[in-house]
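Trainee: the sequence and its predicted three-dimensional model are supplied below.
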Amino acid sequence: MSKTTKSVWAAGAVLWRPTRDSVEICLVHRPSYDDWTLPKGKIDSGETLISTAVREIREETGQLSRLGRHLMDVGYQIPSGYKRVRYWTARALGGDFTPNREVDELRWLEPAAAAGLLSYGLDRKVLKEFERLPPDTHTLLLVRHARAGQRSRYKGDDRMRPLDKFGRAQARDLAALLSSFGAERLHSADRLRCEQTLAPAAEKLGVAIVPETSLSEEAYKADPGAAHRRMREIATDTSAIHAVCSQGKVIPPLMRWWADEDDLTLPAKRNRKGSVWVLSTLNGRLVAADHIDSPQPHTDRNGN
C-alpha cells in the first residue's frame with residue numbers, strides 16, 4: 001500500500017453465545033450490499049477501536065457484549081482508500097435485534113454453517129482464527145500504571161508519587177477500556193500511582209481495589225516467585241474478570257516468565273505507561289496475550 005493511501009479504520013467481532021454442545025456465531029445481513037458478514041463498522045471521531053467494536057455490535061445486533069482476545073486485523077482496497085478492520089472475540093450478554101436500514105436480518109449459526117453463509121473470504125479467515133482456541137477462555141487484564149511524572153523530580157516517599165494530569169486522563173480512559181473487556185475485580189500493587197490508575201474503574205464498578213503487596217517493583221525484585229504464584233492464583237479464579245495494575249519493572253519479566261512457563265510466544269511490544277496486556281487463560285494456563293499500547297483515542301492504529 002502506498003504511504004499516501006488513506007487508511008479507513010473499522011472494528012468488529014466474532015460475536016458468540018454458548019449452546020448446550022457448542023457455540024453459535026452471529027452474522028448480519030446488509031441489504032445495501034446484499035451480503036452476510038460479521039458485525040463491524042467504521043470508527044467515529046474520539047473513539048478507540050475497542051469502543052468502536054462494542055458500539056457497532058450493539059448497533060447492528062442489539063447485543064450487549066464483552067470483548068475477549070484480539071483475533072486479527074484485515075485489510076482491503078475500497079474506493080476511498082484502504083479499509084482496515086480489527087476483530088476481537090465478543091461474548092453476547094443479551095439484547096434484542098431490531099431490523100434497520102443497515103442490517104435487516106440476523107442469524108445465529110454454528111461455526112460451520114456460519115462459515116458457509118459468510119460472503120467474504122476474509123471473514124472466514126477471522127472465523128477460523130476464532131475457532132483456533134476454545135471460545136470460553138478466561139480474560140485477565142494486566143495494566144501498567146498511568147503516567148506519574150518523573151521519579152527524580154518527586155521529593156517525597158516514592159510510594160506516594162501520584163499521577164500527573166496526563167496520567168489522570170489515561171486512568172479515566174482505562175476505565176472505559178477495562179469495562180469493554182468485562183473487568184469486575186480490581187487489584188493494585190501497593191503504590192499510590194497504581195491505585196489511582198484503577199480509581200476511575202473502581203468508582204464506575206462500585207468496588208474496592210485489592211492491594212497486592214507482592215506486585216510492587218521492590219517486592220518483585222526481592223521475591224519474584226511470590227508475584228508469580230499470586231498471578232497464577234488470580235488467573236485461576238474464574239468467578240470474575242480481574243484487572244491487575246503493577247509497575248514497569250514487574251510486568252515485562254513477569255510476562256516473560258509466564259510465557260516461558262506456558263510455552264507462548266509474546267508479541268514484541270513496548271511497556272508504556274497506561275498500556276494493558278489482555279491475557280486469555282484456560283484452566284489457569286496462558287494461551288493468548290494481546291497488548292494495547294494506550295487506552296486513549298488515536299493511539300491504537302497507524303496509517304493516515
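Mentor: Noted; the coordinates are in hand.
Trainee: when you work out contacts or count neighbours from here on, use the C-alpha atoms and nothing else.
Mentor: Fine.
Trainee: please enumerate residues in contact with whichever helix or strand F130 is part of?
Mentor: Using DSSP states H and E, F130 falls within helix 121-131. Contacts to helix 121-131, defined as Cα atoms under 8 Å, 6 or more residues apart in numbering, come from residues V14, T37, L38, L71, M72, V74, Y87, T89, P111, A115, L118.
Trainee: need the next SSE after it, C-terminal direction.
Mentor: Downstream of helix 121-131, the next assigned helix or strand under DSSP H and E is strand 138-144.
Trainee: pLDDT on that next one, on average?
Mentor: Strand 138-144 comes out with an average pLDDT of 98.
Trainee: so for it, what gets flagged as buried?
Mentor: H138, T139, L140, L141, L142, V143, R144 (16 or more other Cα atoms under 10 Å).
Trainee: can you name every helix or strand that it contacts?
Mentor: strand 242-246, strand 276-282 (3 or more Cα pairs under 8 Å, 6 or more residues apart in numbering; DSSP states H and E).
Trainee: and for G206, the neighbour number?
Mentor: Using other Cα atoms under 10 Å, G206 has 11 other residues around it.
Trainee: can you pull the phi/psi pair for it?
Mentor: phi 70, psi 40 (degrees, to the nearest 10).
Trainee: and the contacts of helix 121-131, which two are the farthest apart?
Mentor: V74 and P111 (19.6 Å; Cα to Cα).
Trainee: which one of those two has more residues nearby?
Mentor: With neighbours defined as other Cα under 10 Å, V74 and P111 compare such that P111 has more, 20 against 16.
Trainee: okay, the more buried one: pLDDT?
Mentor: 97.
Trainee: coming back round to it: which of the helices and strands packed on strand 138-144 is buried the deepest?
Mentor: Highest mean neighbour count among the helices and strands packed on strand 138-144 (mean count of other Cα atoms under 10 Å): strand 242-246, with a mean of 26.
Trainee: so of the contacts of helix 121-131, which ones are in helices?
Mentor: The members of those that map onto helices under DSSP state H are P111, A115.
Trainee: out of the contacts of helix 121-131, which sit inside strands?
Mentor: Secondary structure from DSSP state E places V14, T37, L71, M72, V74, Y87, T89 of the contacts of helix 121-131 in strands.
Trainee: ok, L254 touching R230?
Mentor: No: between L254 and R230 there is no contact under Cα atoms under 8 Å: 11.2 Å.
Trainee: neighbour-wise, which of the two wins?
Mentor: L254 (18 against 15).
Trainee: quick one, phi psi at the more buried one?
Mentor: Dihedral angles (degrees, to the nearest 10) for L254: phi -60, psi -40.
Trainee: can you give me the buried ones in stretch 30-43?
Mentor: Using 16+ other Cα under 10 Å as the test for burial, stretch 30-43 gives R30, W36, T37, L38, P39, K40, G41, K42, I43.
Trainee: the residues you listed: which two are farthest apart?
Mentor: Taking Cα to Cα, the two most distant members of the buried residues of stretch 30-43 are W36 and I43; they sit 20.4 Å apart.
Trainee: tell me how far the helix holding F130 lies from the chain's centre.
Mentor: 19 Å (Cα atoms, centre = their mean, to the nearest Å).
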